[in-house]
Structures are given as structure tokens and as C-alpha cells.
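> Below are the sequence and a predicted model for it; my questions follow.
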Amino acid sequence: MPKNIVVQPAYFAPITQYAAILQADSTTFEVHDNFAKQTYRTRCYIYAANGKLLLNVPVNKGKTLKTKTTDVEINYAEDWQKLHLRSLQSAYSSSPFFEFYEHDILTIFETKYKCLSELHIACHNFVMDALQEDKPTFATEEYLVPSDKTDLRDWISSKNKIGTEFERYIQVFDDKHGFLPNLSILDLIFMEGPNAITYLENLDLSNVIN
């Protein structure tokens, strides 16, 4: 696994991204990119009663096509926070560890973050606290050109399929829909609790990271 990686911050990123973060020595978050739609910047996927469920954060459209992600503001015209929280509670209230993290995640959905970047920070801090991990992280000061860091920024696209072999773990509704791989990190945390760390550290990314 590369020692230093660069990734895009995301809304409760997929399992593969946190596997890369935990396996690397340090992570740099690219915060000077241009905002693009249909990425994990504003969406995550959880396991609901009817299968894979998209949770999307609405944002105000930028004035130009080259709006920096750091300048993107969250739209609160509809109460998406209540919807996302209810979806998580409905999906994971019976999971083994949801109750242990519910209070902390509730804080995120009760806070009106102005900018998308602020929400990203809150989500990342929640995940690292839940995993009881403290990995060195940095933020870019300008858009990062290729360097000595392993570039995983294209993982932010929700259309990219990362060809990793995922070890199965028990999921709440897998008796109905089978195992769904690489969902939001929340799925793994709520199902595996402290064991999520071992899962992430052992996930083989060698075939998707050069």
C-alpha cells in the first residue's frame, strides 16, 4: 500500500476510501478541485429494506461550471437532514452497533453547515472517532498536480466501479437482497463496530492501486 495518498473528501465515503486511508501513512484531501455532480461529494449509499438506497445532499448551483468545491453551499430548502437521519434509523436501528454511534451522528444532522466542505470535515471526524483512529491528514493549498502521492481522486465518481474482492460481513437485510459491497462506511461501522478497523486494514486494494 502506498505511504501517502490523495483523495477527495466525501459525504460518508465508501468503504474502499477508508480502507485506503487506514492502510496509508498519511492522507491529503484535495479541496481545490472544481465541483462536479453525481459524485460521493454529495451522495452515499446505504443498505435499506428495499436494497441499496441513495442519500443525496442538495447544494446550491455554482455561478460557473468551475465552482470550487470549497465554495459550494448546502441547500436547505427541503429538510434533507431529517430525511437522511430517518433513513439511517430505519435501516440500521436493529444493527448491532447503531445505538453506540447514534448520539454522535445525530449532531451532524442537527447542525446547519453552510458549506459542503464543512460537512465533509464533520463526516470524516465522525468516522475516525468511531474507528478510534488518528491518521495524519492534510488539505491541499492549491490543486495538486501529480506528485509523489498516490492519486485516488478519481474514486470520487460514483460511476467508477472499483474492482476489489470484498470479504462478506453480515448486513441487516442480506437475507433479502444478498451482500452489497462498498456501501458507505456507515454500513460497516454500524454492522461491525470495533471490528470495522480490522476489515478495513485487511481489505486487499493491490489490484486497484498501483
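That came in fine, so what should we check first? Numbering: from 1, shown residues only.
> burial measure for residue 104, as a count.
Residue 104 sits with 12 neighbouring residues when counted by other CB atoms under 10 Å. Just so you know, the C-beta spots here come from the backbone N, C-alpha and C atoms, and that holds for glycine as well.
> quick one, what contacts it?
Applying CB atoms under 8 Å, 6 or more residues apart in numbering, we find residue 104 in contact with 126, 129, 130.
> From those, list just the buried residues.
126, 130 (16 or more other CB atoms under 10 Å).
> which residues in the protein form helices?
Counting by DSSP state H, the chain has these helices, from start to end: 15-23, 80-92, 98-109, 116-131, 174-177, 185-192, 196-202.
> thought residue 92 was touching residue 188?
No: counting by CB atoms under 8 Å, no contact exists between residue 92 and residue 188, whose distance comes to 11.1 Å.
> okay, the contacts of residue 104 in TSV with distance to residue 159 next?
Compiled in TSV, those are given as follows (distance: CB to CB, whole Å):
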residue	distance to residue 159
126	26
129	30
130	28
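> ok, residue 165 touching residue 206?
No: using CB under 8 Å, residue 165 is not in contact with residue 206, being 10.3 Å away.
> in the chain, what spans have low per-residue confidence?
1-2, 62-65, 146, 210 (pLDDT under 70).
> still on that earlier bit, point out the most buried one among the helices of the chain.
Highest mean neighbour count among those (mean count of other CB atoms under 10 Å): helix 185-192, with a mean of 26.
> ok now that one, how far from the chain's centre?
11 Å (CA atoms, centre = their mean, to the nearest Å).
> And for stretch 78-89?
17 Å.
> ok, now stretch 126-145?
12 Å.
> can you check stretch 49-56 too?
So, by CA atoms, centre = their mean, the centroid of stretch 49-56 is 15 Å from its chain's centroid.
> Stretch 108-116 now?
On CA atoms, centre = their mean, the centre of stretch 108-116 falls 16 Å from that of its chain.
> Over to stretch 191-206?
15 Å.
> measure it end to end?
25 Å (CA to CA, to the nearest Å).
> And stretch 32-47, by the same measure?
Terminal residues of stretch 32-47 lie 31 Å apart, using CA to CA.
> Let me know whether residue 46 touches residue 88 as I believe.
Yes: using CB under 8 Å, residue 46 is in contact with residue 88, at 6.7 Å.
> and for the two, which residues touch both?
residue 186.
> before we move on, back to that, now list whatever residues contact both of residue 92 and residue 188.
With CB under 8 Å, 6+ apart as the test, residue 92 and residue 188 reach no residue in common.
> circling back to that earlier point, between the helices of the chain, which gets nearest to residue 67?
Closest approach to residue 67 among the helices of the chain is made by helix 116-131 (10.5 Å; CB to CB).
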